[in-house]
Each structure stands twice: as C-alpha cells, then as structure tokens.
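> give me a model of this one.
(one chain, ligands or ions: 1)
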Amino acid sequence: MENSFKIIKPEQIQDNLFKLIGSDWMLVSAGKPEHYNMMTASWGFAGVLWRKPVAVAFIRPNRYTYEFAENNPYYTLSFFDEDQRDILNLCGTISGRDVNKMGIEGITPLITPLGNVCFREAKLVLECRKLYFDDIKPELFQAFELEKIYPKKDYHRFYIGEIVNVWQKERPLP
Ligand SMILES: Cc1cc2nc3c(=O)[nH]c(=O)nc-3n(C[C@H](O)[C@H](O)[C@H](O)COP(=O)(O)O)c2cc1C
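Numbers count the residues shown, from 1 in each chain. So this is what the prediction gives:
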C-alpha cells in the first residue's frame, strides 16, 4: 500500500460508522487487480461477531459486483470525502456489465498486500475476509413494511467479513 495510508485498529476508527455508511456511502469492491468491480453501497454495518471485528455488506444478486463477491475470498469497503461524491453516484447508477468500471477516471485502484483492490482516493478502507453469507428471506420478516423494499423480490445476499485490515489516509494525496 502507498505510504499515504497507515494501518489502524478497528477500535481506532474515529468517524461515525452510521454517517460513513449511511450518508457518505462506500464502494464495495471485489476481484483481482486485473479483473475487479465496485459498486456504491449505503446499507451495511460493522461490529463484533465470533470474537472478530466484522463488516457486513448487502449486495443484490443482479449486481455485477455480486459475481465478484461470490468468486473471491475478500472484499473491501472504501470510504471517501465529499469531493468524490460524483464517483459514488456514478458507481451507484451504472453497472460494470455496461461500462468497464476499472477505467473510470478520477478513481485509482490501489492493491493491498493481500492482493485486494481498494482506492487511492479513499480516506478509509476496510479489508474484509469473507466468513459467512446468507440471503434475506421474506418469510422471516418480522415487520410488514420490509417487503416493500423488494418489489422485484431481489433479496440481498449479505456477506459477513472479518475486518483483517483498516487503512487510514495519513496525508492528503500529493
Ligand atoms: C447511494 C446508493 C447506495 C446503494 N446501496 C446499495 C447496497 O447497499 N446494496 C446494493 O446491492 N446496491 C446498492 N446500490 C445500487 C448499486 O450501487 C448499483 O445498482 C450499481 O450500479 C451496481 O453496479 P454493478 O452492477 O457494477 O455491481 C446503491 C446505489 C446508490 C446510489
């Protein structure tokens, strides 16, 4: 990783995760440096499970990113400052099936020592090792209104990943 990032512990994350995920949004990325894809996500959470720090991402099965999340043992969650909102809007409205997201200008892949892809413009990156997945099952909804979120019945698959590295931007980009 570039030396503008330093490794911190999950407990040292200063930003509020409700804001980071829900308002700032994140790029969920999976794949290899030569073949990866990323999408914007604003649903997810982080916490502790099985005595490990974990982060959970929700990916609908029709997303191109889903294929990469399925076929790779890791995914990364990258968080950005407001000046990258255009990139997040773009990656949240176009699919890697239609546009090669590896070629989007203004966002530069950065390869972690484990060989996973995150982004140079990020301010914070969580690198996650898949531990578990499951699919949202409508028969288990305990609140009626949730079904309205899925008119197409494209229930999310969620991935629980162990946070194996947290990278924080130390210095602004040169
Ligand atoms: C703000 C925002 C948040 C989103 N959150 C999610 C999410 O949590 N899960 C999901 O499956 N799609 C989410 N999306 C939709 C995907 O980002 C979008 O469908 C994207 O084009 C998928 O790209 P892909 O086909 O290249 O994977 C979100 C979109 C936006 C704009």
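
> buried set for the helix or strand where Tyr66 lies?
Using DSSP states H and E, Tyr66 sits within helix 64-71. Applying a neighbour-count criterion of 16 or more other Cβ atoms under 10 Å, one finds Tyr64, Thr65, Tyr66, Glu67, Phe68, Ala69 buried in helix 64-71. Every residue, glycine included, has its C-beta placed from N, CA and C.

> how about low-confidence regions in the protein?
Where the chain drops to pLDDT under 70, the residues are 172-174.

> who is the residue nearest the centre of it paired with across the strands?
Centroid-nearest residue in the chain, with Cα atoms, centre = their mean: Val28, separated by 2.4 Å. On the basis of DSSP bridges, Val28 is bridged to Met39, Leu77.

> with Lys6 instead?
Beta-bridge partners of Lys6, as defined by DSSP bridges: Gln168.

> wait, doesn't it sit right on Val166?
No - assessed by Cβ atoms under 8 Å, Lys6 is found out of contact with Val166, at 9.5 Å.

> among those two, which residue is more densely surrounded?
In this view Lys6 and Val166 are compared by other Cβ atoms under 10 Å, and Val166 has more residues nearby, 22 against 12.

> that one and Tyr159: what is the separation?
Going from Val166 to Tyr159 by Cβ to Cβ, to the nearest Å gives 17 Å.
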